[in-house]
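[1] My questions are about this predicted structure, shown below with the sequence.
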Amino acid sequence: MAFLRGVSPFTFVRLPTASWPGSNMRRPLLLVVSLLALLPALELIAAGPSRVNDSDPVIHRVHNKFSEVKNISKRDVVCPSGKHRSGDTCCDLCEPGYVKDKNCTTSTKTICKKCKEGKEYMDDYNYLSKCIRCSFCDPEHGFEVDKPCNSSQNVKCRCRHGFFCNSSEPCRHCDPCSKCENGIVVEECNQTSDTICGRKQYLLWIIGVVILLVLIVVAVIIRWKYRHKGNWMPKKQINDEQRPVELKPLIYPDIDLTPHISDIAEEMTLAQVKKFVRKQGLSNPTVDRIISENMHDATEQKIKLLDSWYQEKGIKGAYRTLISSLRDLKERVLADLIEQKMACHIQNNASAHQNMNADV
């Protein structure tokens, strides 16, 4: 039907008017023929425009490509392994022992600085701006240095001689090695396990029976000897035992312990100080606060705990309280050591006071 395009429908309907039978029939017939000629044109109009040169798919393809590029530009920058994203730039990481000093840019690399040797460390590749502070091996808690801290690794602690590790790796707690009361050591204490003691079973029973028999024999001999002499016990010995013993009263002078707190703390362990101050009523929150404020210094912990007790519980009679409480806590050896040290201080102060008076 394409050949009908542009052709007027009236081109094929011109007939000689003289050939029609009558003039009245000519006009309706002409109208019918015209309608028949218009049918192809109406069909083309209903079918719509030709798609031979349709450019819509091309436009759609271009639009889709543009959208894909736009979406890609909006995606986040993904850096490869060993790089750190800073904005739209992938920066190099700092090596172990170093941390970032300045960020990288599109034209410059990451600038790193070294951690302070023996004080700070960084043990991995990183993009951090601060090093990690080295840990402290506290000998008061049974630790000693196994490997010192350097710029690329933290200090490595181990339990010192006489202690063993009582926790998983890395070791966080050292306990004193046990001592075998019977003297039989199956396995010596080492870094990771406590002393293993043996048991005297039948041997202990035999030794006990032998000692008992020996004592019975000795007692029988002594009794027989004195019975035949007419004396069960010498008179002099009887008089000595019957003589009343003169008890010397314990004298605790009222001493100002302020200048002596550090000397007293030096003689005591941290566990002994904690036990003493808690017995004297120092509250657990106060004890925990002092310990946390001086986490890595056991000597300062002891001094602060004793000073807090001394200031909070009263200065008057503190020396008497200290010695008597230590004896009640079964710390007689410690109490004797502190008494000896305080006696030396008192004597020295008295001598210095006498010298001053003599000079005056």
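    Here it is on my side, so go on.
[2] Check the gap between the residue nearest to Tyr125 when sequence neighbours are not counted and Thr106 for me.
    Closest residue to Tyr125 apart from its sequence neighbours, by CB to CB, 6 or more residues apart in numbering: Leu93 at 4.3 Å. All C-beta spots, glycine's among them, are computed from the backbone N, C-alpha and C. Leu93 is 17 Å from Thr106, where distance means CB to CB, to the nearest Å.
[3] And those two? Which one has more around it.
    Leu93 (17 against 7; other CB atoms under 10 Å).
[4] Counting neighbours, what do you get for the nearest residue to Cys177 once chain neighbours are set aside?
    Nearest residue to Cys177, sequence neighbours excluded (CB to CB, 6+ apart): Cys189, at 3.5 Å. Residues lying near Cys189 (other CB under 10 Å) number 20.
[5] now Ala318
    Residues near Ala318, counting by other CB under 10 Å: 21.
[6] Please list all residues in contact with it.
    255, 257, 310 (CB atoms under 8 Å, 6 or more residues apart in numbering).
[7] Just to be sure, the last one is in a helix?
    Yes - following the definition DSSP: H, G, I helix; E, B strand; the rest coil, Tyr310 is counted among the residues of a helix.
[8] Just the local confidence number for it, please.
    With respect to pLDDT, Tyr310 scores 83.
[9] So that it lines up with my notes, have the first residue be 27 from now on.
    OK, 27 is where the count begins now, so the last one is Tyr336.
[10] and the gap between it and Ser60?
    From Tyr336 to Ser60 the distance is 128 Å (CB to CB).
[11] On the three-state scheme, Ile237 is what?
    Secondary structure, three-state DSSP: Ile237 is helix.
[12] quick revisit: now do the contacts for the residue nearest to Cys203.
    188, 190, 203-204, 221.
[13] what about burial for those, which qualify?
    For those, a burial check counting by 16 or more other CB atoms under 10 Å picks out 190, 203, 221.
[14] For the protein, just list every one of the strands.
    Using DSSP state E, the strands of the chain run over 109-112, 115-118, 124-128, 137-140, 146-147, 158-159, 169-173, 182-185, 189-191, 200-202, 211-213, 222-223.
[15] List the pairing partners of the last one within its sheet, with orientation.
    If I follow you right, that is strand 222-223. Under the criterion DSSP bridges, strand 222-223 sits next to strand 211-213 (antiparallel) in its sheet.
[16] Could you do the fifth one as well?
    Applying DSSP bridges, strand 146-147 is found paired with strand 158-159 (antiparallel).
[17] Identify the residues contacting the partner strand?
    141, 145-149, 180.
[18] Average pLDDT for it, rounded please.
    On average, the pLDDT along strand 158-159 is 96.
[19] Likewise for stretch 124-137?
    On average, stretch 124-137 scores 92.
[20] start to end distance for that stretch?
    Using CA to CA, to the nearest Å, the end-to-end distance of stretch 124-137 comes to 10 Å.
[21] circling back to that earlier point, can you add distance to Leu355 and pLDDT and give the contacts of Cys215 back as CSV?
    Formatted as CSV, the contacts of Cys215 follow (distance: CB to CB, whole Å; pLDDT from 0 to 100):
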residue, distance to Leu355, pLDDT
Gly188, 23, 90
Phe190, 26, 93
Cys203, 23, 92
Ser204, 21, 90
Thr221, 26, 89
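[22] Against Leu331, how distant is Glu338?
    11 Å.
[23] tell me the phi and psi of the spatially closest residue to Gln327 that is not a sequence neighbour?
    Leaving out its chain neighbours, the residue that sits closest to Gln327 by CB to CB, 6+ apart is Asn320, at 4.8 Å. Phi and psi for Asn320, reported as degrees, to the nearest 10, are phi -130, psi 50.
[24] sorry, back to before: and the strands of the chain: which comes nearest Gly307?
    With CB to CB, the closest approach to Gly307 among these belongs to strand 200-202: 28.1 Å.
[25] residue ranges of the helices in the stretch 227-376 of the chain, please?
    Secondary structure of the stretch 227-376 of the chain, counting by DSSP state H, counting those that start in this stretch: helices at 228-255, 261-268, 287-293, 296-305, 310-319, 324-338, 344-354, 358-385.
[26] lowest-confidence stretch among those?
    Per-stretch mean pLDDT for the helices of the stretch 227-376 of the chain is lowest at helix 261-268 (a mean of 45).
[27] I'd like the distance between Ile290 and Cys185.
    Where Cys185 is concerned, Ile290 sits at a distance of 28 Å (CB to CB).
[28] Looking at those two, which is more packed in?
    Neighbour count, other CB under 10 Å: between Ile290 and Cys185, Cys185 has more, with 25 against 22.
[29] Contacts only, for that one.
    By CB under 8 Å, 6+ apart, the contact list for Cys185 reads 168-170, 191, 197, 200, 217.
[30] domain assignment for this structure?
    Per automatic domain parsing, the domain ranges recorded for the chain read 28-72, 228-267, 284-385.
[31] separation between the residue nearest to Cys203 and Arg353?
    Taking CB to CB, one finds Cys215 at 31 Å from Arg353.
[32] and what of Ile316?
    Using CB to CB, one gets 25 Å for the distance from Ile316 to Arg353.
[33] Can you convert the buried ones among the contacts of Cys215 into a markdown table and add a column each for distance to Ile210?
    Output for the buried ones among the contacts of Cys215, formatted as a markdown table (distance: CB to CB, whole Å):
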| residue | distance to Ile210 |
| --- | --- |
| Phe190 | 19 |
| Cys203 | 15 |
| Thr221 | 11 |
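[34] Cool, thanks, talk later.
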